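Participant: Need the 3D shape of this:
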Amino acid sequence: MKRYRFWYMLLLLATLALSMQGCLGIGDNNKFTKSSNSNGAIGINNTDQAVFKGKIYFTLNRSLVMLDGTRNLHQLTRGMVVQDPVVSPDGKWVAFIVRYNLYSDLVYMPIGGGPLHTVVTGKGQYLLNQDGANDYYWFFQPAWSADSTHLLFLSDLQKMYYWYTLGVPFKTAYFLDLQVFSLPINAPTLTAQQALNVAKPIAYADFGDGGDRDPSYRPNHPNQVIYTHYTYDAVTQTKQLIQIFFEDASQMAKPHYPPYHPGVGGSGLDPAVALTPATPDLANLEPAFSPDGNSIAYVRRLDATHEGIYIMPVAEGVTDNPNDPNVQKKALLPYDKSSLVLTQQYLTKPTWSPDGKQLAYITYTNNNFDIWLANLSVDPKTGAYALKGDPIQLTDAGGHLDGDSRLFWA
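Facilitator: Below is the predicted model:
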């Protein structure tokens with residue numbers, strides 16, 4: 001009898017484990033149709049639960065691919081290391097980063113593939129007798145303006161003692177932290193040195209914690225920009241602050257006293273206002289506007305082993321006078337209305353569907369990065385978002401999906 005109970009319990013546990021795998025989209029390989037490109041084959045979920053409209057752009061083994069609404073995979077680049085694809089609002093162009101060992105280029109090409117136009121190249125050289133100084137530059141995470149004529153991007157363009165007069169540490173070390181800039185797309189290819197004289201600064205960084213990330217324009221508000229800002233606390237200079245910042249980009253060009261500038265540990269001055277609190281060890285990052293521009297999906301680090309995707313309303317009327325203490329308090333109010341949509345150990349790159357009814361995101365399961373879909377519902381009275389049903393695994397990439405490159409849903 002004891003032996004019978006032992007084998008019965010073992011069989012029951014095994015059945016339960018297989019059942020759980022099926023619920024989580026793990027181990028059910030029959031629902032994934034293999035789709036091949038030059039870098040190998042990945043699985044695409046062929047069930048009705050994984051239906052979506054539009055086209056999702058991402059990278060596999062550093063090649064740009066597009067997954068259409070019929071769930072067919074199209075490879076758009078070959079023989080280059082690609083990151084951060086983004087489609088222009090007019091639907092004509094896809095911009096992205098081409099990365100090399102020591103620098104990267106900001107480029108775009110026709111939406112269906114074709115010749116590249118390089119907006120700016122980071123190619124340079126080491127400078128002799130200058131303690132490792134060089135004029136190589138990095139560019140990352142482009143984002144289109146509403147009229148498809150300009151690109152936001154991240155760069156270390158101002159690293160070479162550009163802010164020397166700010167004193168230590170700018171005077172004693174290169175300013176490598178990434179900041180947000182804008183360039184027109186139709187000019188001849190620029191070197192980074194040429195771009196320094198043409199690019200418009202959009203958001204400054206604080207020295208030493210990596211700078212800014214995740215910039216994008218707000219739909220239906222062509223001058224409003226959002227991004228993640230990394231810094232250290234002003235008191236100890238050791239505790240990390242990761243916040244979502246919001247600004248009217250046109251304010252940067254207006255005269256201001258004291259002048260706008262980068263800083264150290266929150267001492268910088270720019271026309272941005274924080275939408276999330278300056279709480280050490282509380283990370284709010286990767287903001288993404290809904291298609292109507294009225295909501296923001298973002299990632300919040302909950303603890304050492306959990307992250308959540310939240311959605312909050314956009315703070316209105318806070319970009320004209322961002323340094324007013326009352327305006328700063330007003331900008332934080334929508335944060336308290338944030339809705340937790342889903343929680344997992346690792347979540348990144350929340351990306352809205354064009355109709356605002358779904359989110360795509362990247363998560364890490366079975367030792368691989370994959371794209372998942374989340375269907376959304378909205379409370380008609382409160383406007384709060386919630387997860388509708390269970391998340392759906394869209395890809396079974398087998399290690400080919402690049403987890404550090406953004407998704408874009410067009």
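
Participant: how close does Pro115 get to Thr191?
Facilitator: Separation of Pro115 from Thr191 (C-beta to C-beta, to the nearest Å): 20 Å. In short, each C-beta sits where N, CA and C put it, glycine included.

Participant: who's more crowded, the two?
Facilitator: Neighbour totals were compared for Pro115 and Thr191, and Thr191 leads with 14 against 6 (other C-beta atoms under 10 Å).

Participant: what's the spacing between the nearest residue to that one once chain neighbours are set aside and Asp135?
Facilitator: Nearest residue to Thr191, sequence neighbours excluded (C-beta to C-beta, 6 or more residues apart in numbering): Thr121, at 6.2 Å. With distances taken as C-beta to C-beta, Thr121 is found 11 Å from Asp135.

Participant: got any residues that touch both of those two?
Facilitator: Common neighbours of Thr121 and Asp135, counting by C-beta atoms under 8 Å, 6 or more residues apart in numbering, are Ala192.

Participant: did I read that right, Leu332 in a strand?
Facilitator: No - under DSSP: H, G, I helix; E, B strand; the rest coil, Leu332 sits outside any strand and is assigned helix.

Participant: tell me the contacts of it?
Facilitator: Contacts for Leu332 (C-beta under 8 Å, 6+ apart) come out as 274-277, 315.

Participant: Now list the buried members of those.
Facilitator: 274-276, 315 (16 or more other C-beta atoms under 10 Å).

Participant: Now render those as a markdown table, adding pLDDT.
Facilitator: A markdown table is the format used below for the buried ones among the contacts of Leu332 (pLDDT from 0 to 100):
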| residue | pLDDT |
| --- | --- |
| Ala274 | 97 |
| Leu275 | 98 |
| Thr276 | 98 |
| Ala315 | 97 |
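
Participant: Among those residues, which lie within helices?
Facilitator: Nothing among these maps onto helices, per DSSP state H.

Participant: re earlier: in the contacts of Leu332, find the pair that's most separated.
Facilitator: Pro277 and Ala315 (12.9 Å; C-beta to C-beta).

Participant: picking that back up, may I see the contacts of Leu332 organised as a markdown table, with distance to Trp144 added?
Facilitator: Shown next, in a markdown table, are the contacts of Leu332 (distance: C-beta to C-beta, whole Å):
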| residue | distance to Trp144 |
| --- | --- |
| Ala274 | 25 |
| Leu275 | 22 |
| Thr276 | 25 |
| Pro277 | 30 |
| Ala315 | 23 |
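
Participant: Of Thr121 and Asp135, which one has the most company?
Facilitator: Neighbour totals were compared for Thr121 and Asp135, and Thr121 leads with 22 against 16 (other C-beta under 10 Å).

Participant: I'd say that one and Leu102 touch.
Facilitator: No - if you go by C-beta atoms under 8 Å, Thr121 and Leu102 don't touch, sitting 11.7 Å apart.

Participant: check contacts around Ala249.
Facilitator: 182, 202, 223-225.

Participant: quick one: which of the contacts of Leu332 is nearest to Asn366?
Facilitator: Comparing the contacts of Leu332 against Asn366 with C-beta to C-beta places Thr276 closest, at 31.7 Å.

Participant: give me phi/psi at that closest one?
Facilitator: phi -130, psi 150 (degrees, to the nearest 10).

Participant: Distance of it relative to Ile392?
Facilitator: 29 Å.

Participant: same question, Pro334
Facilitator: For Pro334, the distance to Ile392 - C-beta to C-beta - is 28 Å.

Participant: just Asp355 next, same as before
Facilitator: Going from Asp355 to Ile392 by C-beta to C-beta gives 16 Å.

Participant: do the same with Gly265
Facilitator: Gly265 sits 42 Å away from Ile392, going by C-beta to C-beta.

Participant: ends of stretch 267-287, how far apart?
Facilitator: Taking C-alpha to C-alpha, to the nearest Å, stretch 267-287 runs 23 Å from one end to the other.

Participant: what comes up buried for it?
Facilitator: If you call a residue buried by 16+ other C-beta under 10 Å, then stretch 267-287 has these buried ones: 268, 270-276, 278, 283-287.

Participant: hmm, back to that, now the buried members of the contacts of Ala249.
Facilitator: Buried by 16+ other C-beta under 10 Å: 182, 202, 224-225, out of the contacts of Ala249.

Participant: quick one: which of the residues you listed is nearest Asn367?
Facilitator: Of all the buried ones among the contacts of Ala249, the one sitting nearest Asn367 is Val225; the distance, using C-beta to C-beta, is 36.4 Å.

Participant: Is it correct that that closest one is in contact with Glu247?
Facilitator: Yes - taking C-beta under 8 Å as the definition, Val225 is a contact partner of Glu247 at 5.6 Å.

Participant: so what sits against both of these two?
Facilitator: Here Val225 and Glu247 share the contacting residues 202-203, scored by C-beta under 8 Å, 6+ apart.

Participant: Gly403: which of the contacts of Leu332 is nearest?
Facilitator: Gly403 has its nearest neighbour among those in Thr276, at 23.6 Å by C-beta to C-beta.

Participant: is it true that that closest one touches Tyr335?
Facilitator: Yes - contact criterion C-beta under 8 Å: Thr276 and Tyr335 qualify, at 5.5 Å.

Participant: which residue is nearest the centroid of the protein?
Facilitator: By C-alpha atoms, centre = their mean, the chain has its centre lying nearest to Asp214, at 4.3 Å.

Participant: Sheet-wise, list the partners of the helix or strand containing that residue with their directions.
Facilitator: In this structure, Asp214 sits in strand 212-218 according to DSSP states H and E. Paired neighbours of strand 212-218 in the sheet (DSSP bridges): strand 221-232 (antiparallel).

Participant: For the strand it pairs with, C-alpha coordinates in CSV please.
Facilitator: Provided in CSV are the C-alpha atoms of strand 221-232 (Å, rounded to 0.1, in the frame of the first residue of the first chain):
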residue,chain,number,x,y,z
HIS,A,221,1.8,66.8,-28.4
PRO,A,222,4.8,67.3,-30.8
ASN,A,223,7.0,69.2,-28.3
GLN,A,224,6.5,66.9,-25.3
VAL,A,225,9.2,64.3,-24.5
ILE,A,226,9.5,61.6,-21.9
TYR,A,227,12.6,59.7,-20.8
THR,A,228,14.2,57.7,-18.0
HIS,A,229,16.8,59.7,-15.9
TYR,A,230,19.5,58.0,-13.8
THR,A,231,21.4,59.8,-11.1
TYR,A,232,22.6,59.6,-7.5
